[in-house]
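# Give me coordinates for this.
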Amino acid sequence: MTTIPDAHDPHSVRTLRPADTGYDDERTGFQTGFTQHPDVIHAAAAPDDVVAAVAYAARAGLPVGVQATGHGLPDSSTGGVLITTRRMDEVRVDAAARTVRVGAGATWGAVVRAAAPHGLAPLNGSAPTVGAVGSTLGGGLGILAREFGYTADHVRSLDVVTADAVPRRVTADSDPELFWALLGGGAGLGVVTSLEVGLVPVARLYGGSLGYDGRETDVADVVGAYTAWAATVPDTLTSSLAALVYPDSPAMPPHLRGQYVISVRIAFTGTAAEGERLLAPLRAALGEPGTDTVREMPYGDSHTIHADPDFPHPYYGDSAFLEGTDVADGLGELFRLSGPGADGMHIVQLNHLGGALSRPAPNAVPYRDAGWLVRILSPLGDGGRDAARVHHARAFAAVGDHTVGRSLNFAFGGGDRTDGLHDPDTRKRLAVVKAAYDPANLFRRNYNPR
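Just a heads-up that it's a prediction; the model follows:
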């Protein structure tokens with residue numbers, strides 16, 4: 001008989017089984033469309049708890065999954081051990097070194113708040129409720145990405161418990177192959193309990209969103225104008241284009257009910273005057289926006305640029321990295337297919353890449369030559385994942401000739417389909433590292449545990 005650590009021992013990891021009070025709350029995360037059904041949950045509050053949980057799973061021969069905030073759940077799963085890390089939410093800034101130590105359960109919002117008093121900023125994504133460690137392990141595409149690169153490019157060290165239940169501090173010097181694979185690999189090599197990552201000296205931004213009525217504007221024209229403009233801006237300006245049809249629901253603000261909104265989002269670290277100059281050609285091309293939130297702001301307000309929803313909900317999502325200069329026509333068709341005429345609600349976002357994102361780094365983040373990342377997120381309705389997949393297949397086919405791969409950070413509910421998440425050479429190298437550190441394939445449940 002295998003002994004599970006005692007849930008009543010204050011020095012032991014808390015464990016929960018399906019019949020226990022709190023089991024459902026513990027397994028539920030931000031993504032409610034795909035639910036974990038583990039045989040046992042280990043609710044870790046410290047690295048030693050993770051060590052105990054991994055040791056138990058290895059002895060019992062059970063697969064291990066990891067969940068922090070539950071944003072990036074790849075799929076539903078049944079059986080095995082789920083280690084939840086949301087209580088491990090330490091954020092410790094070293095202002096002199098311009099670094100931050102981030103626990104496995106900490107969110108980007110918490111990191112932004114801790115860094116701001118020092119005039120520093122993390123390379124966070126658009127949503128403050130996302131787990132910082134999990135998103136970094138997937139690469140981490142932040143709102144300042146064109147200037148500074150992927151979040152993973154700035155990691156100094158990782159604390160990880162590997163399949164042998166051994167805690168390790170991993171750096172590019174101490175364990176170069178494991179360090180490389182953990183950052184961007186998604187290869188299930190262990191449980192990262194914390195990491196140290198660099199901060200950047202950014203205290204304010206010129207940024208915000210320009211919103212247009214998509215029913216009065218040809219979305220293909222907007223895509224063409226945006227992609228042409230984006231090709232002219234410096235690396236210090238990171239931007240994206242998004243479009244969605246808001247539900248005609250009483251839960252929505254009256255001015256948004258049933259509206260089709262196309263938005264350009266920007267984040268620029270230069271002066272407001274220079275930002276206005278850079279934005280002027282796009283304003284001239286698109287005309288007067290319906291909404292305009294572009295302004296000078298403290299970095300602590302950067303989450304308002306995208307204004308991502310902060311409430312749990314069910315969704316399916318996927319993405320495509322694109323290469324080539326003549327992508328506008330295909331993207332225009334993809335946006336059109338996902339607009340008011342679509343069967344269901346679909347949120348499309350196009351991220352302008354390049355700049356620092358194209359620079360090599362000692363990690364497994366792939367497709368650095370891509371110029372664009374387009375993603376579709378579909379709230380799950382009556383048709384569920386199957387209906388969303390049918391739509392995605394049709395929409396992504398519009399850019400198929402330019403697609404080189406998919407993004408690990410934005411495979412929401414598609415983790416059972418791992419093709420295209422890495423190029424062939426990266427996959428082969430990841431397989432070698434996996435065989436060295438987890439030959440029994442203990443970690444095989446979650447592809448990107450945010």
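# Which residue is the nearest non-sequential neighbour of Tyr367?
Phe321 (4.3 Å; CB to CB, 6 or more residues apart in numbering). Where C-beta positions appear, they are placed from N, C-alpha and C, glycine not excepted.
# Three-state assignment for the one you found, please.
Applying DSSP: H, G, I helix; E, B strand; the rest coil to Phe321 yields a three-state assignment of strand.
# wait, isn't it in contact with Gly405?
Yes. In this structure, Phe321 is within contact of Gly405 by CB atoms under 8 Å, at 4.8 Å.
# check contacts around the closest residue to Ser76 other than its chain neighbours.
Using CB to CB, 6+ apart and skipping residues adjacent in sequence, the residue nearest Ser76 is Phe34, 4.4 Å away. Contact partners of Phe34, counting by CB atoms under 8 Å, 6 or more residues apart in numbering, are 73-76, 314, 413.
# hmm, back to that, between Phe321 and Gly405, which has more neighbouring residues?
With other CB atoms under 10 Å as the criterion, Phe321 and Gly405 differ in neighbour count, and Phe321 comes out ahead with 24 against 20.
# what's across from the more buried one in the sheet?
In this entry, Phe321 is beta-bridged to Leu373, Gly405, by DSSP bridges.
# what about the helices in the stretch 251-400 of the chain?
With helices called from DSSP state H, counting those that start in this stretch, the stretch 251-400 of the chain shows them at 272-286, 328-337, 384-397.
# returning to that earlier point: what is in contact with Phe321 and Gly405 at once?
Counting by CB under 8 Å, 6+ apart, the shared contacts of Phe321 and Gly405 are 367, 370.
# need the contact list for the closest residue in space to Thr69 that isn't next to it in sequence.
For Thr69, ignoring the flanking residues on the chain, the nearest one in space by CB to CB, 6+ apart is Gly131 at 4.3 Å. Listed by CB under 8 Å, 6+ apart, the contact set of Gly131 reads 68-69, 71-72, 86, 104-108, 449-450.
# Just the ones in helices from those, please.
Among those, the members falling in helices (DSSP state H) are Trp108.
# with the contacts of Gly131 in mind, which one is nearest to Leu244?
Distances from Leu244 to the contacts of Gly131, taken as CB to CB, are shortest for His71 (18.3 Å).
# what comes up buried for the one helix or strand Asp425 maps to?
Assigned by DSSP states H and E, Asp425 belongs to helix 424-437. Buried positions in helix 424-437, judged by neighbour count with 16 or more other CB atoms under 10 Å: 426-427, 429-430, 433-434, 437.
# got the contact list for it?
With contact meaning CB under 8 Å, 6+ apart, helix 424-437 is reached by 162-163, 177-178, 180-181, 185, 187-190, 364, 366, 422, 441.
# The same query, at a cut-off of 6 Å, please.
Residues lying outside helix 424-437 but in contact with it, judged by CB atoms under 6 Å, 6 or more residues apart in numbering, are 162, 177, 181, 185, 187, 189, 364, 366.
# now stretch 87-100
With contact meaning CB under 6 Å, 6+ apart, stretch 87-100 is reached by 45, 101-106, 110-111, 114-115, 118, 196, 198-199.
# follow-up on the earlier one: okay, the contacts of Phe34 in JSON lines with distance to Ala97 next?
Conversion of the contacts of Phe34 to JSON lines gives the following (distance: CB to CB, whole Å):
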{"residue": "Leu73", "distance to Ala97": "34"}
{"residue": "Pro74", "distance to Ala97": "34"}
{"residue": "Asp75", "distance to Ala97": "39"}
{"residue": "Ser76", "distance to Ala97": "41"}
{"residue": "Pro314", "distance to Ala97": "41"}
{"residue": "Gly413", "distance to Ala97": "38"}
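# Just the buried ones from those?
When neighbours are counted using 16+ other CB under 10 Å, these contain these buried positions: 73-75, 314, 413.
# Most widely separated two among those?
So, the buried ones among the contacts of Phe34 by CB to CB: farthest apart are Pro74 and Pro314, at 14.0 Å.
# Could you list the low-pLDDT ranges of the protein?
By pLDDT under 70, the weakly predicted segments of the chain are 1-13, 74, 414-416, 445-450.
# any idea how far Ala43 lies from Ile83?
Distance check for Ala43 against Ile83: by CB to CB, to the nearest Å, it reads 8 Å.
# Looking at those two, which is more packed in?
Looking at Ala43 and Ile83 with other CB under 10 Å, you find the greater number of neighbours at Ile83, namely 30 against 20.
# Give me the residues contacting the strand or helix carrying the more buried one.
Element membership for Ile83 (DSSP H and E) is strand 81-84. Outside of strand 81-84, the residues within contact range by CB under 6 Å, 6+ apart are 26, 36, 38, 40-44, 53, 57, 62, 64-67, 191.
# Narrow those residues to those in helices?
Using DSSP H, those in helices are 26, 53, 57.
# quick one: which of those is most hemmed in?
Greatest neighbour count in these, by other CB under 10 Å, goes to Ala53: 29 neighbours.
# isn't that residue right up against His42?
Yes. Under the criterion of CB atoms under 6 Å, Ala53 makes contact with His42 at 3.6 Å.
# Could you look up the SS state of Thr227?
Of the three states, Thr227 takes helix under three-state DSSP.
# ok, for it, nearest residue in space, not its chain neighbours?
By the measure of CB to CB, 6+ apart, the closest residue to Thr227 outside its immediate chain neighbours is Ala328, 4.8 Å from it.
# just Asn409 next, same as before
Across the structure, with CB to CB, 6+ apart as the measure, the residue nearest Asn409 apart from its sequence neighbours is Gly138 (3.9 Å).
# for Arg204, same thing?
By the measure of CB to CB, 6+ apart, the closest residue to Arg204 outside its immediate chain neighbours is Pro298, 5.5 Å from it.
# distance of the one you found from Arg59?
Spatial separation of Pro298 from Arg59 under the definition CB to CB is 50 Å.
# cool, Gly354 as well?
48 Å.
# Cool, thanks, talk later.
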